[in-house]
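# the following block contains a protein sequence and its predicted model.
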Amino acid sequence: MITLRDLRKEYGTVTALDGVSLHIERATIHGIVGESGAGKSTLVRCLTGLERPTSGAIELAGQDLAALGETALRTARRRIGMVFQHVHLFDSRTALQNIAYPLRVVGVPKAEALQRAQALLDLVGIGERGDAYPSQLSGGQRQRVGIARALVAEPDVLLLDEPTSALDATTTGAILTLVRDIRDRLGVTVVIITHEMEVVRAVCDGVTLLEHGRIVESGRVRDVVADPRTRLSLALVPLPPLPPTTQAALDVSFTSSPGNPTGAR
């Protein structure tokens, strides 16, 4: 569904993406993880056509977005629904109007746009909140409106940039359950950019670790977890805490060691 081939992005002497090659299967949920500065944001901008790569290919269902002219690229970008970390809803528009807005921009009649927007509000579980303004919605509800707006053009790909970073644990779980449900019901391919391994554990089929603009590990989550030698496996399946009795024994051993005869720490 999505194939990146030797993708490079350079800003002067700085290389933000350094030969990234990756394939993501249709109707799967794929997590892209990495520390700050790993290249995640640049990858998002290239995937959505907001940045042109310096070289390489970005194939969506066989079409190379990097090779398209501006007009064709604008059309192709409609196949990708984007939800940014900060949802960026219009404060002066209701939830329903926010969702309908992309349709109105491309000339869809108002009544049809609002009808489709209401169906998506129902899909994301807040159908009764259509008349509410963003200031009247919780963080989780605003995220649901953002997801609905991203789906309004019926995209093939849903791209989520740090979708749970500002949410509490309960709301995070609800949003990830919604993402999985949307994938199952609509058959969209989902790409999640995140630094939270809990998100990968909860919802992703595949995962890729970026570091300094390069892929250092990638694979299906179940395969990555099965190989204890990988960094992703250690991050996804952290070692359990020591039992209290074992930890206490270690503490006693440390305090009575020859190098620490007084127990000082």
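Arrived safely.
# going along the chain, name the strands of this structure.
2-11, 14-24, 29-33, 55-60, 63-64, 80-83, 157-161, 189-194, 206-211, 214-220 (DSSP state E).
# and the longest one, which strands flank it?
Spelled out, it's strand 14-24. strand 2-11 (antiparallel) (DSSP bridges).
# in the partner strand, what counts as buried?
Within strand 2-11, the residues scored as buried using 16 or more other Cβ atoms under 10 Å are 2, 4-5, 7-9. Any C-beta I mention is one placed from the backbone N, CA and C, and that applies to glycine too.
# now the helices for the stretch 1-150 of the chain?
Using DSSP state H, counting those that start in this stretch, the helices found in the stretch 1-150 of the chain span residues 40-47, 70-77, 95-105, 110-123, 139-151.
# now the ones you listed in TSV, with distance to residue 200, mean neighbour count and mean pLDDT?
Formatted as TSV, those follow (distance: least, Cβ to Cβ, whole Å; neighbours: other Cβ atoms under 10 Å; pLDDT from 0 to 100):
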stretch	distance to residue 200	mean neighbour count	mean pLDDT
helix 40-47	13	22	92
helix 70-77	26	12	90
helix 95-105	28	21	96
helix 110-123	24	17	96
helix 139-151	18	23	95
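# any chance of those helices in JSON lines, with distance to residue 172 too?
As requested, these are exported to JSON lines (distance: least, Cβ to Cβ, whole Å):
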{"stretch": "helix 40-47", "distance to residue 172": "19"}
{"stretch": "helix 70-77", "distance to residue 172": "28"}
{"stretch": "helix 95-105", "distance to residue 172": "20"}
{"stretch": "helix 110-123", "distance to residue 172": "19"}
{"stretch": "helix 139-151", "distance to residue 172": "8"}
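# these: which one's closest to residue 161?
With Cβ to Cβ as the criterion, residue 161 lies closest to helix 40-47 of the helices of the stretch 1-150 of the chain, at 5.5 Å.
# contacting residues around that closest one?
For helix 40-47, contacts defined as Cβ atoms under 8 Å, 6 or more residues apart in numbering pick out 2, 7, 9, 16-17, 20, 32-34, 50-53, 58, 66, 80, 159, 161, 191, 193, 195, 210, 213.
# buried ones from those residues, can you make that a PyMOL selection?
Selection of buried members from the contacts of helix 40-47 for PyMOL, criterion 16+ other Cβ under 10 Å:
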select buried, resi 2+7+9+16+17+20+32+33+34+51+53+58+66+80+159+161+191+193+210+213
